[in-house]
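>>> just need the structure, nothing else, for what follows:
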Amino acid sequence: MTTRPATAAAHIDHAADVGEVYVPETARAVVARLRESGAAHVWWWPLGEATDPADFVLLDEQERARMRRFHAPRDAAAFTTTRAGARRAVAGLLGVPAHTVRFGRRICPGCGDADHGPPAVVRPPVPLAVSLSRTDGCGVLAVRAGDWVGVDVEAYRPMESEALAQLVLTPDETDRILSLPEGPGRTSLFHRAWTRKEAVVKAVGLGLLGMPLNTLDVAPGQDGPLTVTHIHDGRTTTWHVEDLDLNGPWSASLARPSASATPLGPVHLHAPAV
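Below is the predicted model of the structure:
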């Protein structure tokens, strides 16, 4: 039996202004169009070595505190650029100023905790699902109307060991990938599997509480899009998964519910401005 994920309410970060509930008409109209078309928007941007002051000023106090906890300046810059880039993207989509956009979290659908659920747009309070990912040199944001979406990006690196494959891959996937000679082909297929799995896990919203990656079959030898089945605690959900071409040394994947009140529409991929 295939069931749809339960809707999880958004939890507002402490920095958000809980008294303000006004939603601009432009934002309402955009979300209505997204819901009708089923379109998803994906933005990606390069990550540099140093924090840009123009990015830092867009962060709220909670995000600034998180940024300061990074020990390596490069990691702090990657976090800052990703959060600021996500704010600008959502603001541009909704037609609102970037500084008015606030992110929070949905309540975890697994345990009900409000502190570690999937990310959400809480200001303006519109029904948008969002997912963020970053890796060496690249940050990605996915947005769609509704409750659930997942995106993941990973920089290509040679597989370190068979032990890593056993942690991430099913036995069939392990046999398929390790049958290839070491080199770009094996690396590409491994990262395709990894990002597909992470995208689904993020879309489900359970994180490490969900289905272990090495039991989730994503058919890396098959070109996408494809349907992936996730099973957890007696619940079965199906996910439409497709690979994203970021025109760089990264693998990226997007997951959306196969069965949803919002149809499966086109994916609009926004490359960074040159």
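>>> where in the protein is pLDDT low?
Scanning the chain for pLDDT under 70 picks out 1-21, 160-161, 208, 273-274.
>>> ok, the residue of it most remote from its centre to Trp194 distance?
Most distant residue from the mean C-alpha position of the chain: Pro181, 30.8 Å away (Cα atoms, centre = their mean). For Pro181, the distance to Trp194 (Cβ to Cβ, to the nearest Å) stands at 19 Å. Backbone N, C-alpha and C define where each C-beta goes, glycine included.
>>> next: Trp45.
21 Å.
>>> I'd say Ala114 and Cys108 touch.
Yes. At 7.5 Å, Ala114 and Cys108 qualify as touching, with contact defined as Cβ atoms under 8 Å.
>>> how many other residues sit next to Glu36?
12 (other Cβ atoms under 10 Å).
>>> helix/strand/coil for it?
Secondary structure, DSSP: H, G, I helix; E, B strand; the rest coil: Glu36 is helix.
>>> with Arg88 instead?
With three-state DSSP as the criterion, Arg88 was assigned helix.
>>> ok, it - contacts?
58, 98 (Cβ atoms under 8 Å, 6 or more residues apart in numbering).
>>> state the distance from it to Arg28.
Applying Cβ to Cβ to Arg88 and Arg28 gives a distance of 20 Å.
>>> any idea how far Pro181 is from Val168?
Pro181 is 19 Å from Val168, by Cβ to Cβ.
>>> then Asp245?
Using Cβ to Cβ, Asp245 is found at 22 Å from Val168.
>>> more crowded one of those two?
Ranked by neighbour count (other Cβ under 10 Å), Asp245 and Val168 place Val168 first, with 21 against 10.
>>> the residue lying closest to the more buried one once chain neighbours are set aside: neighbouring residues, count only.
Excluding the flanking residues, the one nearest Val168 by Cβ to Cβ, 6 or more residues apart in numbering is Leu213, at 5.0 Å. By other Cβ under 10 Å, the residues close to Leu213 number 20.
>>> cheers, nothing more for now.
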